[in-house]
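Undergrad: Here is a sequence with its predicted model. Questions after.
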Amino acid sequence: MSTSFNFGGEVVGFGILAAGLIFLYGVWLGRRDTGWRAAQGVLGAVVLGGVLPFFLIQFVPALFSSDSRNLTSLLLLTIVNIVGVLVAFLPWLVAGNWLEILRREGPST
């Protein structure tokens, strides 16, 4: 059984979409500077989400064992996959926070 780790694809795709949407919302409200800071924050979450799994994977050497019948390996692999999906949505969480900030400030007059 071959297992591949693909943490980067989801994080980058969701993150760039979230950064673009939050920036466009800031421009639409007339708060381009706040929208730009929000987009930078979301892109920072993209970088964190893309790099974080590589730092965490070194602490789980059991994932690299080829014995797929070992319950511990399967449990750790499942946990890492769940964490990978949660990290993929980290940029959307940051974008939602900035969305609340932009909504609270309202349109510029």
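TA: Yes, it's here.
Undergrad: Can you pull out the low-pLDDT segments for this structure?
TA: Counting by pLDDT under 70, the chain shows low-confidence ranges at 1-11, 53, 56-69, 109.
Undergrad: Where is the longest helix in it?
TA: helix 32-56 (DSSP state H).
Undergrad: which residues are in contact with that helix?
TA: 5, 7-8, 11-12, 15-16, 18-20, 22-27, 29, 80, 83-84, 87-88, 90-91, 93-95, 98-99, 101-102, 105 (C-beta atoms under 8 Å, 6 or more residues apart in numbering). Placement of C-beta: from N, CA and C, glycine included.
Undergrad: Pull out the buried members of these.
TA: Buried subset of those (neighbour count, 16 or more other C-beta atoms under 10 Å): 7-8, 11-12, 15, 18-19, 22-23, 25-26, 29, 80, 84, 87-88, 90-91, 94-95, 98-99, 101-102.
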